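Asks: Okay, structure incoming, though there's no sequence with it:
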């Protein structure tokens, strides 16, 4: 089938055969000899279309020159017609190869053969002619079938053939960017919003956008292409978390730029990604950090904008991370050399263990990688992690932070919903939400874990503050980290699906945790929250150790405010968020950007000189959404990864049940 404006032609096999027979009956053997002489064409090559060689004929001298010329023209026209018919037929290459290459084979055999081989040559000729007729008949049938199909059926046949070739390439392990499946991009609802109607809310929202512009412009001016910015010394900063991969702030900020409608900056960042973002580096990276920031950022930018470069880059990086799973259990290494594929764990981790929050925070991104690449390996890797965890006994229903990837056994029994454990629980819930609530296993694992946390770790201080303690070898440590403050938003997000009508109870828990985390801010001099705070020795929600007093622009408290506002519309959450904005502007804003501080209880800030990439990806995005309407990135259509990169809810091509059965 050709383009729609190409006329359809159907050749009747019987009419063609009849025409050929009539024409060859009019020709004589002498004429064939004459044509061989004038046309310089061997008679043997004309056998499929001409008369039987034994047919008698008159002498060629009986024809005048004019008659010979006319006959030559007629014969040439007929040959042209026959060959034209062949070229119009589908799979004509097969038929032509049968005519030319097989005929040449006959001639070669005849030239090389002896007299004693003549009978064999004749038999070979007959077989070849029979094959030509068979191919011709097959071609006619295929042509008729194709021409009888509707255009949409022909288009579907072509697509099916493409999909077949793509699957064959995947099975062979050979795949490049151009082999990715064709995906019709449709932007999910709520990618952008409109200005709030309330004047004060609108003004505050614009202020946060100005903060984003200042942070981004400072990065562009002093650290463009580097991973992060040093805003005090006004130069680039690189963490060993990313090896020699560059541009962490660019990739992390992509979706924030889009959500805030800073499209010129978004296009500039897109151009840098296309030309400069390179994963072919001989360097060791943190699998966890590269996944949540780079893979998550690229996926989110693709879903928001539809730009194919982001899908390709995300899949390229995902494939680079797959060797991390080459362990006896399939539990990935924490660190991976992207060139050699050699992995290892942090030397400080218990007995060479992998970290719960690291191997447990791959699910959302890897399921989307399978969706966008057509490669089920990504989904299989993260589903295998669940299989390993399901086989293990959980002390008091809790998940220890350390797991040995070789033995498949727990390391030190340390449990935390903050650092080392936090986002594992978050991803259990969000896996269920992202699957359009079809991932029942993820749902059960989340609510069972939350019940164990409530029973064993959740406590209330003498002053009435609810907190989530840490558990070490059977003993509680009554401290709570800034990282743990995300749990208020997580519990609120999952409250609606809670079992046994516990929705109200879980919303109360979420509100209490939000209040405790707000108190950790309010009780400091700078009104910024410490890295960790304690509930013992007569203190509540206060850091008592110097190494817990710093603030590095973290987003978790703001994150919980945003979720609580969306679910309750209690104005206090916007007020608490605005308090944080004022503290950030007063104590963290410097000439070259925004910096963390080393002691939130000091009378004046001592800056750490780092503008973290997650400040643009998370803190400012959550603040912006806190002062936006609910239809901007609505929860029914979007799920945020742990780096605040929004990913759409979807039913994956390869269902959870299919992956588990493998």
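Replies: Sure thing, it's come through. Please read all numbers here as calculations on a predicted model, not as lab measurements.
Asks: which stretches of the stretch 451-600 of the chain form helices?
Replies: For the stretch 451-600 of the chain, helices defined by DSSP state H, counting those that start in this stretch occupy the ranges 486-494, 503-522, 556-568, 571-583.
Asks: same check, this time on the stretch 101-250 of the chain
Replies: 118-147, 151-172, 199-223, 248-259.
Asks: again with the stretch 301-450 of the chain
Replies: 308-321, 356-359, 363-373, 377-391, 422-434, 440-456.
Asks: rewinding a little: let me know which of the helices of the stretch 451-600 of the chain is tucked in deepest.
Replies: helix 486-494 (a mean of 26; mean count of other Cβ atoms under 10 Å). Glycine gets a C-beta too; all of them are placed from N, C-alpha and C.
Asks: on that earlier part again, which stretch in the helices of the stretch 101-250 of the chain is the model least sure about?
Replies: For the helices of the stretch 101-250 of the chain, mean pLDDT drops lowest on helix 151-172, to a mean of 61.
Asks: With residue 316 as the reference, measure out to the residue nearest to the spatial centre of the chain.
Replies: In the chain, the residue lying closest to the centroid (Cα atoms, centre = their mean) is residue 369, at 3.2 Å. Computed with Cβ to Cβ, to the nearest Å, the distance linking residue 369 and residue 316 is 10 Å.
Asks: and the gap between residue 255 and residue 245?
Replies: Residue 255 is 18 Å from residue 245, by Cβ to Cβ.
Asks: coming back round to it: can the helices of the stretch 451-600 of the chain go into TSV with extra columns for mean pLDDT?
Replies: Listed next are these as TSV, based on pLDDT from 0 to 100:
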stretch	mean pLDDT
helix 486-494	98
helix 503-522	98
helix 556-568	98
helix 571-583	98
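Asks: Tell me, what's the model's pLDDT at residue 22?
Replies: 46.
Asks: make that residue 75, sorry
Replies: On the pLDDT scale, residue 75 gets 71.
Asks: Now name the helix or strand holding it.
Replies: Per DSSP states H and E: residue 75 is located in helix 65-88.
Asks: hang on, the earlier thing: which among the helices of the stretch 451-600 of the chain is found nearest to residue 208?
Replies: Among the helices of the stretch 451-600 of the chain, the nearest to residue 208 by Cβ to Cβ is helix 571-583 (6.7 Å).
Asks: Can you tell me which helix or strand of this structure has the lowest average pLDDT?
Replies: helix 92-112 (a mean of 37; mean pLDDT, DSSP states H and E).
Asks: residue ranges with poor pLDDT in the stretch 251-400 of the chain?
Replies: Of all residues in the stretch 251-400 of the chain, none has pLDDT under 70.
Asks: I figured residue 299 hits residue 310, correct?
Replies: Yes - under the criterion of Cβ atoms under 8 Å, residue 299 is in contact with residue 310, at a separation of 7.2 Å.
Asks: Could you list the buried residues of the helix or strand where residue 273 lies?
Replies: Per DSSP H and E, residue 273 falls inside helix 263-276. By neighbour count with 16 or more other Cβ atoms under 10 Å, helix 263-276 contains the buried residues 265-266, 268-270, 272-273.
Asks: Adding distance to residue 181 as columns, could you present the residues you listed in a markdown table?
Replies: Converted to a markdown table, the buried residues of helix 263-276 look like this (distance: Cβ to Cβ, whole Å):
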| residue | distance to residue 181 |
| --- | --- |
| 265 | 31 |
| 266 | 26 |
| 268 | 29 |
| 269 | 26 |
| 270 | 22 |
| 272 | 27 |
| 273 | 21 |
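Asks: and of these, the nearest to residue 648?
Replies: Nearest member of the buried residues of helix 263-276 to residue 648, counting by Cβ to Cβ, is residue 266, at 18.4 Å.
Asks: any idea how far the nearest residue to that closest one once chain neighbours are set aside lies from residue 404?
Replies: Of all residues not flanking residue 266 in the chain, residue 257 sits nearest, at 4.3 Å (Cβ to Cβ, 6 or more residues apart in numbering). For residue 257, the distance to residue 404 (Cβ to Cβ) stands at 41 Å.
Asks: So which of those two has more stuff around it?
Replies: For residue 257 versus residue 404, neighbours defined as other Cβ atoms under 10 Å are more numerous around residue 257 (25 against 20).
Asks: OK, contacts around the residue nearest to residue 266?
Replies: By Cβ atoms under 8 Å, 6 or more residues apart in numbering, residue 257 lies in contact with 212, 216, 263, 265-266, 269.
Asks: Now with 7 Å, please.
Replies: 265-266, 269 (Cβ atoms under 7 Å, 6 or more residues apart in numbering).
Asks: Ok, residue 195 next?
Replies: Per Cβ under 7 Å, 6+ apart, neighbours of residue 195: residue 202.
Asks: Show me the one of the helices of the stretch 301-450 of the chain that comes nearest residue 185.
Replies: helix 308-321 (8.3 Å).
Asks: just checking, what packs against the closest one?
Replies: Contact partners of helix 308-321 among helices and strands, from 3 or more Cβ pairs under 7 Å, 6 or more residues apart in numbering; DSSP states H and E: helix 263-276, helix 296-305, helix 363-373.
Asks: Correct me if wrong: residue 534 contacts residue 478.
Replies: Yes - the criterion here is Cβ atoms under 7 Å, and residue 534 meets it with residue 478 at 6.3 Å.
Asks: quick one: which of those two has more around it?
Replies: A count of neighbours by other Cβ under 10 Å puts residue 534 above the other of residue 534 and residue 478, at 21 against 14.
Asks: Can you lay out the helices of the stretch 301-450 of the chain as a markdown table showing distance to residue 585?
Replies: What follows is the helices of the stretch 301-450 of the chain, written out as a markdown table (distance: least, Cβ to Cβ, whole Å):
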| stretch | distance to residue 585 |
| --- | --- |
| helix 308-321 | 32 |
| helix 356-359 | 31 |
| helix 363-373 | 32 |
| helix 377-391 | 40 |
| helix 422-434 | 28 |
| helix 440-456 | 35 |
